[in-house]
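Enquirer: compute the structure for the input listed below.
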Amino acid sequence: MAIKLSKIYGMDVYTDGGKFLGHVQDVVVDLERGEVLRLTMEPLTSISKDEAKRILREKSVLYKSVKSVEDVVVVTRASASPNPPL
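Expert: Below you'll find the predicted structure:
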């Protein structure tokens, strides 16, 4: 699946079961391997290390769990964060 990162920002994220998880706020990229690792539903800018860990644990999904990126991002249900944003 090839897509410009700029297109992903702000997209709605849903599980394959139809549950809304949030909007893409940041994209974590491994620059050495040239791979997208995670999509976060909260921005990772100007925050503490502990807050970044919380966001990565609770408000993000692994990119390998993304099933589709069209009008919305669809991820496998198992990858959904346990505490999705309200």
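Enquirer: against residue 67, how distant is residue 48?
Expert: 32 Å (CB to CB, to the nearest Å). From N, CA and C alone the C-beta is placed, and that goes for glycine too.
Enquirer: before we move on, what about residue 54?
Expert: When CB to CB is the yardstick, residue 54 and residue 67 sit 25 Å from each other.
Enquirer: who does the residue nearest to residue 20 when sequence neighbours are not counted form a beta bridge with?
Expert: Of all residues not flanking residue 20 in the chain, residue 14 sits nearest, at 5.7 Å (CB to CB, 6 or more residues apart in numbering). Taking DSSP bridges, one obtains residue 20, residue 74 as the residues bridged to residue 14.
Enquirer: hang on, residue 14 packs against residue 21?
Expert: Yes. Residue 14 is within contact range of residue 21, at 6.6 Å (criterion: CB atoms under 8 Å).
Enquirer: mutual contacts of these two, please.
Expert: Residues touching both residue 14 and residue 21 by CB atoms under 8 Å, 6 or more residues apart in numbering: residue 75.
Enquirer: looking at residue 48 and residue 67, which is more packed in?
Expert: Neighbour count, other CB atoms under 10 Å: between residue 48 and residue 67, residue 67 has more, with 13 against 8.
Enquirer: could you say which helix or strand holds that one?
Expert: Per DSSP states H and E, residue 67 falls inside strand 66-69.
Enquirer: separation between the residue nearest to residue 20 and residue 40?
Expert: Residue 14 is 16 Å from residue 40, by CB to CB.
Enquirer: same thing with residue 2?
Expert: Taking CB to CB, one finds residue 2 at 21 Å from residue 40.
Enquirer: what does residue 59 give?
Expert: 6 Å.
Enquirer: now do residue 26
Expert: 4 Å.
Enquirer: next, give phi and psi for the residue nearest to residue 35 when sequence neighbours are not counted.
Expert: Once flanking residues are discounted, residue 35 sits nearest to residue 29: 7.1 Å by CB to CB, 6+ apart. Dihedral angles of residue 29 (phi, psi; degrees, to the nearest 10) stand at phi -120, psi 140.
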